[in-house]
Structure formats: structure tokens, C-alpha cells
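[1] what would the 3D arrangement of this be:
(6 chains)
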Protein chains: 6
Amino acid sequence: MANVKDIRDYFEQVVPSYMKFDFDNVGMLVGFCDAEVRTVVVSLDITDAVIEEAEEICAQLIVSHHPLLFDPLKRVTDNDPKGRKVIRLIQDGISAICLHTNLDTAEGGVNDCLMETLGARVTGLLDPHGAHPDGTPYGVSRLGELAAPVEFQDFLVRTKQRLHSGGLRYVDGGRPVFRIACCGGAGGNDMWKAVDAGCDTYVTADLKYDHFLSAKELGLNLIDGDHFCTENVVIPHLKQLLLSGFPELDVRISRAHHQTVQFI
Amino acid sequence: MANVKDIRDYFEQVVPSYMKFDFDNVGMLVGFCDAEVRTVVVSLDITDAVIEEAEEICAQLIVSHHPLLFDPLKRVTDNDPKGRKVIRLIQDGISAICLHTNLDTAEGGVNDCLMETLGARVTGLLDPHGAHPDGTPYGVSRLGELAAPVEFQDFLVRTKQRLHSGGLRYVDGGRPVFRIACCGGAGGNDMWKAVDAGCDTYVTADLKYDHFLSAKELGLNLIDGDHFCTENVVIPHLKQLLLSGFPELDVRISRAHHQTVQFI
Amino acid sequence: MANVKDIRDYFEQVVPSYMKFDFDNVGMLVGFCDAEVRTVVVSLDITDAVIEEAEEICAQLIVSHHPLLFDPLKRVTDNDPKGRKVIRLIQDGISAICLHTNLDTAEGGVNDCLMETLGARVTGLLDPHGAHPDGTPYGVSRLGELAAPVEFQDFLVRTKQRLHSGGLRYVDGGRPVFRIACCGGAGGNDMWKAVDAGCDTYVTADLKYDHFLSAKELGLNLIDGDHFCTENVVIPHLKQLLLSGFPELDVRISRAHHQTVQFI
Amino acid sequence: MANVKDIRDYFEQVVPSYMKFDFDNVGMLVGFCDAEVRTVVVSLDITDAVIEEAEEICAQLIVSHHPLLFDPLKRVTDNDPKGRKVIRLIQDGISAICLHTNLDTAEGGVNDCLMETLGARVTGLLDPHGAHPDGTPYGVSRLGELAAPVEFQDFLVRTKQRLHSGGLRYVDGGRPVFRIACCGGAGGNDMWKAVDAGCDTYVTADLKYDHFLSAKELGLNLIDGDHFCTENVVIPHLKQLLLSGFPELDVRISRAHHQTVQFI
Amino acid sequence: MANVKDIRDYFEQVVPSYMKFDFDNVGMLVGFCDAEVRTVVVSLDITDAVIEEAEEICAQLIVSHHPLLFDPLKRVTDNDPKGRKVIRLIQDGISAICLHTNLDTAEGGVNDCLMETLGARVTGLLDPHGAHPDGTPYGVSRLGELAAPVEFQDFLVRTKQRLHSGGLRYVDGGRPVFRIACCGGAGGNDMWKAVDAGCDTYVTADLKYDHFLSAKELGLNLIDGDHFCTENVVIPHLKQLLLSGFPELDVRISRAHHQTVQFI
Amino acid sequence: MANVKDIRDYFEQVVPSYMKFDFDNVGMLVGFCDAEVRTVVVSLDITDAVIEEAEEICAQLIVSHHPLLFDPLKRVTDNDPKGRKVIRLIQDGISAICLHTNLDTAEGGVNDCLMETLGARVTGLLDPHGAHPDGTPYGVSRLGELAAPVEFQDFLVRTKQRLHSGGLRYVDGGRPVFRIACCGGAGGNDMWKAVDAGCDTYVTADLKYDHFLSAKELGLNLIDGDHFCTENVVIPHLKQLLLSGFPELDVRISRAHHQTVQFI
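    Numbering: from 1, shown residues only, chains lettered A, B, ... in the order given. This is a model prediction of the structure:
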């Protein structure tokens, strides 16, 4: 039976940590190398609700996208939310493995899943940030194309539906949608590169006023698809990835975690 | 008759540039000190549409909140959008005066106007960043209180209406609204200070995923009121300020500029 | 009955954290604020042996001088010694409070205890690094005087005995001992200040070759009294401090921890 | 008929901007890409007098050596000399293209012209700072040799005449002139490299006291040929370069700009 | 009889080292504290010729303005000019005391002497860089006024004569001379402050092209009076200062050191 | 007959300065390139006693391991110990050549000598910090193996004897000694690399408390062999190296310099 270390090592093979950004913190962040794993919760984040869910189903491991620990800890006490989560996981014997910007980058990762959700075929990388040992470049944001041009309002309605988001924020660039760039999560600063790459449409999240204002002036269709919704598309893939390596595992997609922001 | 320099000096009196943040660039950013001013356009931004509007009504001056030049210019050519705007203003004889974080900070500025729009009474500063020569502190974000507690959903509906926004993004903290903090524009990082100050509700804009996720865990009502909408409340006040100093001016609030982002 | 937070707050009163050096990490570093405390282990360090000792006597708290966490943690796993200690403490329900350079500095702290052990009367500070709110300076290293000059070899023998050290390293400056400076732990870089202050003898630990070579040239009696031994003198005082605040506690000085280095 | 962009692109071919120093700002710095150009003023600097000259002869373009904008602009107003020049050029429809350290470096540029003026044959580079795509190194300062050794006083008189300078400052190293290094403009810090390269004589400008004092001690003939005069030798070449690319242009060497400093 | 240390301590009283700029290196830089001094050479620099002169007259001390050691020494060998000078001084038993930016700053120092040479009355400081313990500010550059306005050409001729310089470089600002600023040595960067202070004329040295170009545009009379000549005016004063403290000394002004640069 | 420069150049061949660490200062640090050398003192340090010894035997050169000048000199006066040594050497006509981290690194240097003293065969480098022109890596610390495993206490006794040290500090890791790493002088921070390299025993000097504490937890035999004693093993080798190049020299190992620290 697999233990936590086996699963950590498996992920290091299929979603290597060298693909992450320098500032990032990924891998096994809490827990017990030799603990046997039967049940795993897969979730975009490790919230209190997700930990409670893991307790209830007696999971030994949570695999998440966002790292539980990003800023290093100067103390581990129940006096702050971060310490409380670490303590609770340790007391429950639950380990945590986090795949963040390496999963954004990996083939079949966040952005390939997002492009598929948008109904587009991936045609390239928007901005490679490194290269595999064999020289193949890798990067986060993807370029893609639809099978045929679509009216922007139709694309909007379809995208909202497929992302299961309570709302979208957007600027209508006055053009049909055909050549797309996407970046799951906070990708606003790649917007100008999307324009330079000849895209008519850019889908990402956590956009700020300057992005919308510039998109209007540049005639770019710009869609904020929500951070959770543009990344959560990877979760079923992550489950499959786990089962490919460890078919005997009971892998559950978190039911406790869902889109946080609401719209009115 | 007032010239541009007179108006610049008047603003330096009533919205002094020492109240700005260090990184900011404010004051007279383009134009002609001695040009006589009869007609002024007041606008949150100097977009191409606003410049066109100023041309059409033969304005000699645009007063805006966001600075036309933020990153210093290495060239002034018609090869990029920023250079094109500067050239067009110079060719039209139009000057530009920009009041940014000093107007966020000033009494009666962006945040006092926002708190009034939210129906709350200002009770203090959330996080002073400087002090007047007489020792009185000043800062951007405001603390405030409603006359009486209001259900969060009622507050949401009312706020959307008063801000004239096409949509709001929010997290429901599960509490009624009474003690509020607000910061027009991008104020997400003050969120934890709002919690520490005992607020139940924080209204700002340009929020990111982490803000919403933390608000949920902290039980804070968090509202993204849109960057444009939370700041545009200052524009009528800015018009009045100009007219107080120069009653003979023809001051027009821009009709060309409005909320950029749309919601679906 | 006192809980961990009460004891943390008490120490903040009597050994305030503002007396620490900037780089330091002190206070409650692991554990449970509301856990009731009956039994405490006091120790210079939190070694595996000390944790085992605390387990055996069912202590709820370890109070140590050296901080369990100095470099912040990027992960809390049983894959490295630091993580294993944190996990073990959490699993055992044991909290850790650490008083480091604030205890070096405090009145009655490491250096006052060391000077007393050396048989000298404290006459001042060697190099203040801060000031109390009332303006009184504080600092780590102490100046002191013996009742009367003593031959260096006699002082050496006596000091070795009183520090309970397996050995001392020293340079004989060729002078009797009367005016002393001391710094428990690694204080080599204050050596030149001791000379400037007119001292004939400096007692500290973790000295390097340059220190001994310079002492020889400067005619300074220099004694490396061992890091553990020059600091462990504070442990009985720390026990008393705890009992003064919480007489009902069962406070045990660690029997598992002792001088690490041996001499041949 | 050529427009400004055509001329900019031509210069990018013959004096590529990658040959400049990192700190420099070159290329099209002010103006209008699509403006047709019939008349060009070529000048070492863009002074007020040069702009007036360009206005009088209805030039559409000024090509200069020193960049009009070096420190980036935070504002473009008529309240400071730099802003006034930019505004005046824009109002007159005059563009500015500046070739600075790339022209110092380029083959046939400032330093080749200077070496020719000194009557010497270029034999190499004093201190390459980069390499062309084909690996050939490039740099600013040149090494050269006269046809035969010349007495220093004779060389001085001849150089003053050929540079058309009102005066020269110099140190007589006590040696005849044969192996020369030169750097048009401020090249004092390459002086020691000239000595290391076996030169008897170094010609540059903007020298400081330390340079003269060291030259005396090193026995180096050192000549300050004036910043303007050692660089203005490139202007006729720059005119020819323009005419080679655009024979139909009316290219005028500025008559308004000349050596600024005078001697008594 | 005075020794080197007595003279060093005397200078510390009358030209305190706290008046120097931070980057500077002043005081006793080479030699022997307890050596008795009978003969002193006073010189702007410690050149090889000055050391030879000191040897010939059997001086025990050289007092100079420019520091013999500015960049710290990593070795003291006869393989480089700086090391050779240090070795030669030590072998000859000659000490070196250097008063640099503290002498520029001091009352009666370089700049007071220069202003007197220019025939002007000192009226203030151009740009204080520190304050005495009693709060009086001090600084390098001086402001001054002539008894009555003088034509610029007359002032030029007179200044060249009084500075004993082989030549002057200048820009004629087109104004008579009345309100002057001066800075002995390299003071170009204070030029704009001189303009802001309402001066018509600025006298300094080591000026660069930008200074002359800007002076022309600003209408400022700008004179480069040569680094040596604008500072050497202090040497007779320095001799008197020494004799005031030590009347029995034989103080000689160097005859070997003179203006280094020549003009044609 | 050899002069100082010949010897300096010889050392540059056999112990090249490019093998040093970046921060280091090596080579000919004081003296006279062309001075003829008949008698040389070889010593780990240049102490006052060593200089006196060199004077007494009329040596012209001292070759040492530790550099006489490490921090660059801002002054060379008899007012501080460093200046006094430089002056004394110059007055005596004695030069100084220092080989520091290049000698630590060189084949046959400090660490090869130390490994031989420990009775072990060198098997590799612990942590290379550079590479020779031919690509061979070089580094300071060595890996080695004994002929057969030895009990730790036996190894301790033997090592103390062979290093001629008055004492050793150590932690007993509870293992026999077979696979060793060593670093003459202060090498504590390589301790973890020694563990990673599979060593049971690490011999170095200037160890601090953390090193001993960690060694205990890691089960590593750790020996502080004294800085002087672990490096002084190179001195006979240095003498031979000199004699290989210059058989006619009278090379004396310093009798005045010996272990500084004493033990009780």
C-alpha cells in the first residue's frame, strides 16, 4: 500500500517541482512520510472546511493546488489560522501535498484543462519561463484557437456556464472570439503579451482596473473568469493523475470547497 | 481670468501634494502654465474618449484622479498610447492636472465621499500614513458607522444602487453591517487592518482570491464595489472644489467616461 | 490554574520581547494557548532528549533559552529534525516558550547570573543595544569587578569548577584578574570593546582563532567558558522566575540536557 | 518620400541601438512616425537655438548625437527647459532622432572620425564592451598610430587646429607622439587602459584633476580636446550617412550650434 | 618640541574631521605619532616631487589637502605608485597629515580663501551638509558679493591673474558679475543651486560639457578656474594655521608642486 | 640569486591565486619586488614575535598562511597594531607573501597535509568551489578513508598527539571512525555536507555550539582540532615547496609561533 512519500515521489515525476516559479513553495508541506494512504481528498485549497471533510472521511492525505504554507512560519501555535490548520492536520495524522505553479505549468495541468473548458485547441505557450532537460520550453499561460470564430456575447454565456461561475467581469473588445490566451488564476500582467501574440480574447482572473481600462483602449476581449473557477477545472484531472499512479486509492474531490466569491 | 498655474496652485492649497504616497506622481503633468482657462473637464481618467470630449467642448484643462503619467517617459512619440495622448493634448493646447493619492487622502476626498455614499458616518482613519504640519494624522482608508445595523443583503442591494455599478463581488461574513471600513480603488491589503479595527464590513475594489478566501474564514463581509465606482463618487466633489476657487469657470463632468468593466 | 497563554503573557511582562535583538525569534513558538499547565520543563535547549523527558513526566510546557524555531519553516514534516520536533510536541500536547536574547539582556538574566557565577559584582553594560521606555539602556554583555585582584590561574581553576565545564580554552594575558567583561554564549566580537572598557579579562564562548591571537597581542585574559556552561547558569533563575509568577506549578530543571562538547 | 519611421529604421540598421551602453537612451525620442521628411538638421545637441534653426528652415527632423531625453520625464510642461523643448518640437511638428553611445561605438562613428582628425590610423579597440552577433567585438575608445612619431608640441598645435577648438588643456608626458588612444567626449576613466595598452598619448575630454596628476606621474601625453570638438567631427559623417540612405533629403549641418566653452 | 600626534590633535581642534564628507579619508594617514617635528612641507598634494623636496630639506611631516590614501590599500608594495609613496615616506621617517573636505568646509578654509581671491565678501553657504554641535550649519560652497558689479570680461582677466592659472575655461552668461558662488575643486553639480540662489556667476573647476551647455541656456557666467588653482589659495592659510599653533616650526610651502595642467 | 618577485611568481605557478575564495587577499602584501632573498621565515601567521624572529636571523621574506592584510588599510601609522607591523617590515626591509585559501585548496596544501596527519587516504573533495582551466574541480575540504575502522576514543588520542594540540573538543557520535571529512581552520559550516557525504567523522576547528548540538543529534563524530594545529601541518610542506623552487634559500620554520590557545 502506498505511503505519503510514495505519492510525493510520484508527483515529483509527473509534475516536477522544477517547473514551479522561484518564489513558490510546493511538495509535501505537512505530515508523515511513512503514513499509509488509503483515502485522499483533492481540493483547490486546504480550508478549515476541507480539513473537516478529510477528518470525516478519515483521509490520510489532502492534495491541493494552493500551498498551505506560502510565507514561512516563525511559529506553529493555535493563535493564528495558519498554525491552527497545521496543528489540526498533525493531530489528525493527515498529510498535505501541494502542487501549485508546477501544476499551472505542467502538460495536462491547470491551463490545458482551462483551454479545454473554453472549447479551444492549445496552439502554444504565451510566455515560457523555463525549459525541460531536453530543451522543450514550458510556461504557464497558453495560446489557443476555437474551431471557428464565435460572437463575444455567445462566448461569454458559454464560458460562464462551463466555468460554473456565479458571474463574470469583462470588457467587450468589439471583436469575435477566435484566437485566445488563457491563464488560470491571477494572470493580468500577461495581458499585453496576449495582445502582442495577436489574440482577440484573454481569459484569466483577479484583474484590476488598469487591465480593464487598457483592454478597452486596445480592443481586447477581456474576461475575469474568477480565480477559483479558472483553476478548479484541474481538480478532476488531478484525481485521474493520482488514480493512474495508485489505482487502489480512494480519491475524493472535495465537496466542501467551492467558489468563494458571490455576485449581485 | 484664471490660468493653469493658478488652478494648480489652488489645488496645492486645498489638496496638498505632500499627502500623496511616495511612489505617486501628481500635480500639473502636461501643459501650459500661463494658458487661460475657461472650460474644464473633470474625469476619473484621461482616456482617448475624454480627450476627444475636451476637444469638442474646447476645454483648456482636464482635471483627473488617475495620473496621466505614472511611469516616467523615456520618449514622447506617437508610437505608443501614452505618447499619443501627450502629443494630442499639447497639439490641442490642453493641460492636465492630476490629483491621485492626495485626493484619496484629503478631507472631503475620495474616501469621505465613498463613506457618505455608503450611508455611514466617518469615525476615524484605518491606517494613517502621514501627518499634517500641525500633527493631525492623515490617511487613505476610513472607518465609519451606520446609524443602525443593517442586514448584509439589504446593504448589498443599496450599495450596488448607490455606486451605480453593473455588479458587485462579495463574501457574506454572516453578520449584519454596522461598523464599516472603506477604501476607494485597490485597497485589498488593508483588509486585515479592518478586521483588527473591529469592522464587520469592508468595501473596496480590485480584490483578489486570497482576500475573499480570508474574509470567509474571518467572518468579514467583504464587498468589491468596483474601482471606477468606488472612486468616481469624488467627481462631483472635485467639480465643486474647482468652482469654490474659480466660480467663473465652466466645469463639466465627463460624459464620455464611465464604468469600464461589465458583468454577466 | 494557569494556561500557556498566561505564562507567555507573564514572561512578556518580566522578560519583554522588545529587549531581544532584531534577528531573533522568541515567545510562544509551538503549541496551545488555552492548554492548562501543571508541569514545566526548563532547559537551555529543546533537544530530542528534553522532549522525551517532558513526555515522561507528562509536562505540558517546555521553557527554553534557545528558540526551537530560528529559521522560519517552509514545511512541517517528519522528513527533517526540526519538523519532527514540532510534530512530536504537537502530538504530545506540549507547548514551547523560548526566551533568547531578551533573557540574555534582562536584569537577572543570563549575564547577571554569569557574572555572579564568576564571583564578580556587575558595574555596568559593555555595549547597550536599546533603551527601556523610561530611557534606561539595556544590553547583553556586562562589566564587573571582583572584590580584589586574583591570579589568572586561580581564576581559571575556580571558573572551570563553578561553570561545571569539562574544559576551558584560554589565553593568559599576563595580568591578574580584576576588571571583567562577560557575555554568555557566542560573544567574541565584543572582545575589543572589553579592551576599550579597560577590562583585564573577558569570559565568553564560541571563540575563534582570531580572538585568541588578538587577545595574546593585546595582553587580555581571554576565556572560552563553553556556550552551554556560560548560559546554563540562568536555568535555576528561570525556574524561580516561573515559580514567582505561578507558585502552584511543578517546575523541573531538565536532567536530560547537559554540556554537549567534551574535552581531551 | 521618406517618413520619420523610415529614417529611424535605417539608422537602426547602420548604427544599431544594441551597440549603446545600457544606461543610454537612443532612437526616436520625440515626434511623429508617419511625418514625411524633406529637410533635416544634423547637430551634436538639440539646444533652443537648434530648434529655432529647424523652425526657420522648416525642417521636419533633427538628428543629434546627445539624447534630448536622458532622465525619464515625470511631466511634460512648459515649466522646465526639457518640457519646453518637447512641447516646442511637438507644436512645430519636428521629430528628434538621437544616436549617442551607439554612434560613439559604430564603425565610422565618433571615434573613427576623431582618430582620422588626429591624423592617425586606427589599429584596434581600447576596451570592447560588447560583441556583434557574428562575434566581432565593438567598443568606444580606439587605438591608433601616426605614420611616424611627432614632437608633442607639434601634435598639440596641429590637433588644436584640426579640432577647431578655442583652446586645449594638456599634460606633456615628455615623449613624442606615436601610439595614440582616443575617446570623443568624457573618456577620462579609460586613461589607465591607454597606458596599459602602451600608448604615449591619450586624447579625450572632460578631464579632471586626478587624470592630469596621474598622467604627469605616468609620463603620458594627455590632451583634453573639448567635449564638443572631439565629438563634432562626426557630424559631417552623419550627414553623409543620411544622404546615403535617402539621397533626396535636404540635410543641413546646424549653423546655430558650436563650441560652448571659451578659453582665456 | 611638538610631535606628529600633537600636530594631528591641533588640526582636529581647528579643522575637525567631523566636517568632512562621509566618503572622505582625512587625518594622519602615514607615519609616526611620537616623531618630533621641526620642519614641515605644506602642499596641495603629496606627489613624488613633494616627497623628494621633503627629503631634501629633512622635513618630518607633510601636510596636504588631498589625501595620500583615498581608496583603502590591499597591499603595501613597491609594485604600484601608491605603495611606493607609502614605503618611501616610512623609510624617510616622514609622516603625512591630510585635511581634505574638512578644510574645504572650515571657516578660513579653501572656500573662504577662494572667495577672498575673487575679491568678494562671503555672504553665506550655498548648500550646508552638516551642523556644528552648537547648531551652526557648515558646508563647502560659499555665496558672496563683490563691492560693486563688474563686467564679466574684466572679472575673467582679474580672476585668471589672481588664481595664477595658465588658462580659464568659461561660458559668458551675458551678465555683469556681482553675486557669486564658488567651490574650490570639483563643484560642478552645485551649479544649479547657484542659479537657484540668484547668483550671476559660479566659479569652480573640473567642469564637464553638460555644465557649460546648461550655463549657456541659463544665462549663468560659469568659470572653470582649474582644480589646482582654486584650491591652492588655501596653502598660505594652512601655513599660518600651523604657525599659530606651533610658532617654533619651520613651515615651508612646497616649491616643487604647481599647476599640472597647461593650456594652448 | 632569487628576489621577492621571483618567489611571488613561483608561488603563483604552484599555488595559483585563482584558487582562493573571492573575499580573500593573497600574494605579495608588503615589501620590495627586487630585494634579493637569502633567508626566509615560514609561519602560519605574521605576529610581532615572528617579525622579531625574522629580524634576528636577518630574513628578507616571511611566507605565511594567514594574510597580514585582510581588511584594506585606510592609514599606515604606528597608532594601531596592523600599521605598526607594516611599518616595522618596511623599516627592516622584510617582504611578506601570504598564501591563504589558495593554499587551503591546492593539491598538497593544508587539507592534504591534514588528511595525511589524520592517517587517512584522500578519496575526494567535499565541496568544490571552482575548476582549473582543464576542468578539474578544486575545493577546500577533503574526503578520506582510514585503512581500517578505528574506535573513536583511539582516534581521538592519536589525533591529539599528531596535531600536537594542548586539547581537543569533541562530540562522540557513537560510531567507529572510517570515512572522514576534514577542513583545516574554521570549517564548521561544511559539517552537514560531511554527513550527506556519508562520513562518520568530521575534523575541523573554530566550532560553535550549534555544530556540537547538531552533531550529537546526527550521530556524527565531531572534532575541533584547533585552528592553529589543523593548519600548521602545512608549514613543513611549504618549506619544501620553497626549497624545490629555490634550493639555495635558507628557509626556516618559525620557532616563535606556536599554538595560541591553552586548555585546562
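[2] which parts of the stretch 1-150 of chain A are strands?
    A:27-31, A:39-43, A:61-64, A:76-77, A:95-98, A:121-125, A:128-131, A:137-139, A:142-150 (DSSP state E, counting those that start in this stretch).
[3] hmm, I typed the wrong one, I wanted the stretch 151-264 of chain A.
    A:169-171, A:177-186, A:201-205, A:221-224, A:250-253, A:262-263.
[4] pick the most deeply packed of those strands.
    Burial of the strands of the stretch 151-264 of chain A is given as mean neighbour count (mean count of other Cβ atoms under 10 Å in any protein chain shown); strand A:201-205 ranks first at a mean of 29. Heads up, the C-betas are built off the backbone N, CA and C, glycines and all.
[5] for A:Val37, what are its contacts?
    A:1-4, A:7, A:60-61, A:95, A:246, A:249 (Cβ atoms under 8 Å, 6 or more residues apart in numbering or on different chains).
[6] kindly recompute the last result at 7 Å.
    Contact analysis of A:Val37 by Cβ atoms under 7 Å, 6 or more residues apart in numbering or on different chains lists A:2-4, A:7, A:60-61, A:249.
[7] residues near A:Ala59, how many?
    Using other Cβ atoms under 10 Å in any protein chain shown, A:Ala59 is surrounded by 26 other residues.
[8] could you measure the closest residue to it other than its chain neighbours against A:His65, distance?
    The spatially closest residue to A:Ala59, leaving aside those adjacent along the chain, is A:Thr39, at 4.3 Å (Cβ to Cβ, 6 or more residues apart in numbering or on different chains). Here A:Thr39 is placed at a distance of 19 Å from A:His65 (Cβ to Cβ, to the nearest Å).
[9] these two: which is more packed in?
    Taking other Cβ under 10 Å, A:Thr39 and A:His65 do not tie; A:His65 has more neighbours (25 against 15).
[10] and the strands of the stretch 1-150 of chain A as CSV, adding mean pLDDT?
    Formatted as CSV, the strands of the stretch 1-150 of chain A follow (pLDDT from 0 to 100):
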stretch, mean pLDDT
strand A:27-31, 98
strand A:39-43, 98
strand A:61-64, 98
strand A:76-77, 98
strand A:95-98, 98
strand A:121-125, 97
strand A:128-131, 94
strand A:137-139, 97
strand A:142-150, 98
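[11] can I get those in JSON lines including distance to C:Ala186?
    Listed next are the strands of the stretch 1-150 of chain A as JSON lines, based on distance: least, Cβ to Cβ, whole Å:
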{"stretch": "strand A:27-31", "distance to C:Ala186": "32"}
{"stretch": "strand A:39-43", "distance to C:Ala186": "46"}
{"stretch": "strand A:61-64", "distance to C:Ala186": "41"}
{"stretch": "strand A:76-77", "distance to C:Ala186": "26"}
{"stretch": "strand A:95-98", "distance to C:Ala186": "37"}
{"stretch": "strand A:121-125", "distance to C:Ala186": "51"}
{"stretch": "strand A:128-131", "distance to C:Ala186": "41"}
{"stretch": "strand A:137-139", "distance to C:Ala186": "46"}
{"stretch": "strand A:142-150", "distance to C:Ala186": "53"}
